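> The following block contains a protein sequence and its predicted model.
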Amino acid sequence: MDYLAVENASKTFGGGVRALDGVSFSVERDEFFTLLGPSGCGKTTLLRSIAGFADLTEGTITLDGARLDRTPPHRRDIGMVFQDYAVFPHLTVAENVAFGLKARKTPAAESAARVAEALATVRLGALAARLPAALSGGQQQRIGLARAMVIRPKLLLMDEPLSNLDAKLRIELRDEIRDIQKSVGTAAIYVTHDQEEALAISDRICVMNAGRIEQIGTPQEIYADPRTIFVASFVGTMNVTPWDAAGPGFPPGFAPDRAHVWAIRPEHLRIGEGRPGAVAIRGEVDKYTYLGREAHVAVRTPDGRFVIQVADPAPGLRMQPGTPVSVGFDPANALFFDEAGRRVATTRTS
Amino acid sequence: MRVGFWPLVGLLAWLILAVLLIVPLGSVLLSSLHDQAGHLTFANYERFLDTPRFRTAFVNTLIAGFGGLAGSLVLGAAMAFCMARLEIRGSRFVSLLAILALVSPPFIGAYSWIVLFGSGGVVRQTLMQWGVFIPPIFGMWGVLIVFSFKFYPYVYLLTSGALSNINRSLEEAAESLGLTPFQRVMRISFPLVLPALSAGGLLALIHSIADFGTPRLIGRGFNVLATEAYTLYSAEIGGSLSMATTISIVLIVLSMIFVVGQRYMSRRNVYHGNLINKPAKRKLTGFANVAAHTVVYAIALIGAMPAIVAVIFSLRRTRGPVFQPGFSLDSYQRIIFSLSDAIQNSLLFSAATVLLTVVIGTLIGCLVARRMTASNALLDATLMVPYVMPGIVVGIAFVAAFNAPPVALTGTAAIIILSVFIRRLPYSVRSSASALRQVSPSMEEAAISLGYSPVRAFMKVTVPLILPGIVAGGMLSFVTAINELSSSLVLYVGSTITMPVRIYIAIHDGDYGTAAALSSVLLALSGAAIAVAFRLMGRDERALL
Ligand SMILES: Nc1ncnc2c1ncn2[C@@H]1O[C@H](COP(=O)(O)OP(=O)(O)O)[C@@H](O)[C@H]1O
Ligand SMILES: [Mg+2]
């Protein structure tokens, strides 16, 4: 029996906006599960339906064997972390964290101990008596996290909790969230539109698009084995090129019959001919972008424009636009998709 | 079936509007459509159009409205520009004077003008001794002057707010694109403050149309619809109200036309200020500096003059109604000993009104701010109607609706309280809705996810957060309630007399010392309430509008 099961969830807003369209998935007892997708794809709607703040038009949600849609939101025992922190400004840090324990009538001594422990976990012990207004965004979100975790919820929901923080803090706090979730062992659903964050934090990722699920899988599966052209282009960078049988020099019969477009990641392309058996396309440099740890070379070819990732570029390396180059790659790394955007397997793998 | 809490509040709101707005308005409309014999007819409206007296009053109302509007726009815009963009010494004192103009008790304003500029007015007499002749303030021009100085704060407060919120970069961008200062003002600044200017102008216009005391005392033959309605009402008491109600309908329609017109005019220009790059205040020197200060202080002092004169006159020695040389507390003694019923009534009625307004206004405000359904949007729109109804009209409507069983309320305290309540409800709904919009809905959701039922989450989280705003709003409602004259003038009986009505009677009887002392008490109470409100929510004069 799945711990959390969402079955055939659909939601139509007044005005005919179909925010969710037959979504089904399940989450395991201690799993870190991420909903990933562009803004407007229905992630928040799905999360709020699980929390009980929105009703599904169709479908069922069960948590630990009990139908959730028959439980009012305040009895669901689901912790929630909000994008805008939603820290109570009229309560101190400690009172914020103790807020949920009060509703549960936890004895004072136990409550104090659990609050102290939760604050220590999020490294806010020293600020317990402060009012939140004076704290930074990162600290406020830590309060939000401690407040949600201290009630030992059956499920933890987080809706883009880091999107209002700056880049460095985002990385720091996402690792903390991941560590805390693993040490407590609560099932968590995390919403983000940031694919890198999703890859870094998740046990499994559910990629959504326009109210539907595109693919569910581990970060490795999502990145390396995308099932649709949407997943392939949304997660990481991808060179997508219309398939033309007369085009680049794939071995004869390599491409599947139904191929409509083909795609390859920049890190799988090289400047130069490469090893024997590799495909090579001739073209000329269009643009060279130096990024420190890597560089991106855009190359224009008769078959389309490709971005090539150069790892650890030499600081002296310059590539003038117009320089003739050839782009090499191993055909095994190419992905093919049919007209509907679904992956089609190649006949040969090497 | 279990009915939720908020639908219940919605139902209650509609019930209140039905009883206190729709039924009275319906009664007024029905009464205006019936003749003395009780037949359905348009005769009253025909009579309104045919009678020169009513036609004149109609034209005079438009003159008073647009004259008051023009004067308020000129004075308010000039003051707003100086205060928002120039360094003015003592600017806090100046805005205090503007508040004083705004809250000076009704009637006493007009009376103070008479004291200074009437036929035997102090200033006029002095000027005559110096050989300067000015005509007495009475008549149309007098009314327009008083309106301009009484209602300019509406324009000033809204426009100065908008002026100091224009992003400076916009004006700098215009300058860098080569616009002359004049072009810059006309093409950038003016369109940006137009919504505020027209909103302030609308308030001045509506108040000028509704004002009853000023034309009554200063008009001297310059009769407007509000005074005609009251005269007809007093004359027709006991009989049919048909002509008074006909005029009431005309007044309501006129006000609504202006409200809708202003909305239409500023429909496309809603700009949100950018608080990052506020315009700097310029420091003038020499003649320009003196001129700016003169303009600001002249407007502010003349506007606040009625309140100041009232306080001074309340301290003058009197014998009976006649002023003697020297100062004393006679007038205060007299009001405490013989008029304490009016003071008690005023305090009691205002407290009851505020309580009702705050509780019900907050509930409806939450409904409007948080649960946006078609019904609640309609509720919000319907609340515009009591917002623009002249007090005289509300009074007449309540008499028309509640004079006979099943609901016979005339002569009770309840009818006075309810009439002020319904007029103040829109302010309260708006202020609590805007307080609520500052609180992220996720706060309440956080509490619910932590195990609090929706009602408990609201009480535990939202209420503490909006409480200062609500109490402040209540204090400001108190100011309006205790100063309310025109509806209570129609609705009062001997035992339910209030301070403003008492002032009106005292002025009528020539007992100016009493009027001045009562006015000063009103001013002190209003000042205290405003001080509490500003302490709770920070100083924000615009909350008074
Ligand atoms: N209350 C609402 N009424 C109507 N449409 C809504 C409402 N809330 C969300 N939507 C629409 O539903 C879709 C999904 O929204 P949301 O779940 O917030 O997306 P995400 O969180 O993935 O950005 C969007 O197209 C949005 O415009
Ligand atoms: Mg969202």
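On my side now, so go ahead. Ligands and ions are numbered 1, 2, ... in the order given.
> quick one: the helices in the stretch 201-350 of chain A?
Using DSSP state H, counting those that start in this stretch, the helices of the stretch 201-350 of chain A run over A:219-224, A:229-234.
> so which of the ones you listed is the most packed in?
Across the helices of the stretch 201-350 of chain A, averaging neighbours per residue (mean count of other CB atoms under 10 Å in any protein chain shown) puts helix A:229-234 on top, at a mean of 22. Where you see a C-beta, it was placed from the backbone N, CA and C, and this is true even at glycine.
> could you list every residue that touches the spatially most central residue of chain A?
Most central in chain A under CA atoms, centre = their mean is A:Ala198, positioned 2.9 Å from the mean C-alpha point. By CB atoms under 8 Å, 6 or more residues apart in numbering or on different chains, A:Ala198 lies in contact with A:34, A:36, A:190, A:192, A:205, A:219, A:222, A:235.
> One more: B:Arg370?
B:436, B:441.
> What's the per-residue pLDDT of it here?
For B:Arg370, the model assigns a pLDDT of 77.
> With A:Ile50 instead?
On the pLDDT scale, A:Ile50 gets 94.
> got it, and B:Gly527?
Predicted confidence (pLDDT) for B:Gly527: 87.
> right, is the helix or strand harbouring it up against chain A?
Element membership for B:Gly527 (DSSP states H and E) is helix B:512-537. No. Helix B:512-537 stays clear of chain A (CB under 8 Å from any CB of the partner chain), getting no nearer than 14.2 Å.
> top helix in chain B by residue count?
Longest helix of chain B, by residue count under DSSP state H: helix B:52-85.
> who does that helix touch, helix- and strand-wise?
Secondary-structure packing of helix B:52-85 (3 or more CB pairs under 8 Å, 6 or more residues apart in numbering or on different chains; DSSP states H and E): helix B:43-50, helix B:91-103, helix B:140-163, helix B:190-210, helix B:225-236, helix B:242-265, helix B:286-314.
> at 6 Å what do you get?
helix B:140-163, helix B:190-210, helix B:225-236, helix B:286-314 (3 or more CB pairs under 6 Å, 6 or more residues apart in numbering or on different chains; DSSP states H and E).
> Domain-wise, how is chain A divided?
A:4-227, A:237-344 (automatic domain parsing).
> so of these, which one's packed in deepest?
With a mean of 19, the top stretch among those by mean neighbour count (mean count of other CB under 10 Å) is domain A:4-227.
> before we move on, back to that, make TSV out of the contacts of A:Ala198 and add distance to ligand 1.
Compiled in TSV, these are given as follows (distance: CB to the nearest ligand atom, whole Å):
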residue	distance to ligand 1
A:Thr34	13
A:Leu36	10
A:Tyr190	13
A:Thr192	10
A:Ile205	14
A:Pro219	20
A:Ile222	17
A:Val235	16
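> of all these, which two lie farthest apart?
A:Tyr190 and A:Val235 (15.3 Å; CB to CB).
> Run through the residues of chain B sitting next to chain A.
When proximity is defined by CB under 6 Å from any CB of the partner chain, chain B lies next to chain A at B:440, B:442-443, B:445-446, B:448-453, B:461, B:464.
> returning to that earlier point: could you provide the helices and strands packed on helix B:52-85 in a markdown table, with additional columns for mean pLDDT, distance to ligand 1 and mean neighbour count?
Shown next, in a markdown table, are the helices and strands packed on helix B:52-85 (pLDDT from 0 to 100; distance: least, CB to the nearest ligand atom, whole Å; neighbours: other CB atoms under 10 Å in any protein chain shown):
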| stretch | mean pLDDT | distance to ligand 1 | mean neighbour count |
| --- | --- | --- | --- |
| helix B:140-163 | 90 | 31 | 25 |
| helix B:190-210 | 87 | 28 | 22 |
| helix B:225-236 | 84 | 45 | 21 |
| helix B:286-314 | 90 | 47 | 18 |
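> biggest helix in chain A by residues?
Taking DSSP H as the criterion, chain A has its longest helix at helix A:167-184.
> and the helix or strand following that one, what does it pack onto?
Per DSSP H and E, the first helix or strand lying C-terminal to helix A:167-184 is strand A:187-192. Counting contacts by 3+ CB pairs under 6 Å, 6+ apart, strand A:187-192 is packed against strand A:32-36, strand A:155-159.
> Chain B is nearest to which of those strands?
strand A:155-159 (8.0 Å; CB to the nearest CB).
> Now do the closest one: everything it contacts.
Applying CB atoms under 6 Å, 6 or more residues apart in numbering or on different chains, the set of residues contacting strand A:155-159 from outside is A:44, A:47, A:51, A:78-81, A:83, A:186-191.
> Equivalent analysis for stretch A:251-258, please.
A:331, A:336, A:338, A:344, A:348.
> Tell me, how many residues neighbour B:Ala400?
25 (other CB atoms under 10 Å in any protein chain shown).
> Please identify the buried residues of the helix-or-strand element of chain B with minimal mean pLDDT?
When each helix and strand of chain B is scored by mean pLDDT, DSSP states H and E, strand B:322-327 comes last, with a mean of 74. For strand B:322-327, a neighbour-count test (16 or more other CB atoms under 10 Å in any protein chain shown) marks B:Phe323 as buried.
> swap in stretch B:377-392?
B:379-380, B:382-383, B:385-392.
> can those go into TSV with extra columns for pLDDT?
Output for these, formatted as TSV (pLDDT from 0 to 100):
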residue	pLDDT
B:Leu379	84
B:Asp380	80
B:Thr382	86
B:Leu383	85
B:Val385	85
B:Pro386	86
B:Tyr387	80
B:Val388	80
B:Met389	85
B:Pro390	86
B:Gly391	86
B:Ile392	86
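> Number of residues surrounding the closest residue to B:Met475 other than its chain neighbours?
Excluding its sequence neighbours, the residue lying closest to B:Met475 (CB to CB, 6 or more residues apart in numbering or on different chains) is B:Ala533, at 3.8 Å. By the criterion of other CB under 10 Å, B:Ala533 has 25 neighbours.
> do B:Leu97 as well
B:Leu97 has 22 nearby residues by other CB under 10 Å.
> and what of B:Ser91?
B:Ser91: 17 surrounding residues under other CB under 10 Å.
> any idea how far it is from chain A?
B:Ser91 sits 29 Å away from chain A, going by CB to the nearest CB, to the nearest Å.
> Now the phi/psi pair for the residue lying closest to B:Phe327 once chain neighbours are set aside, please.
Nearest non-adjacent residue to B:Phe327, counting by CB to CB, 6+ apart: B:Leu315, 4.9 Å away. Torsion angles at B:Leu315 (phi, psi; degrees, to the nearest 10) stand at phi -100, psi 0.
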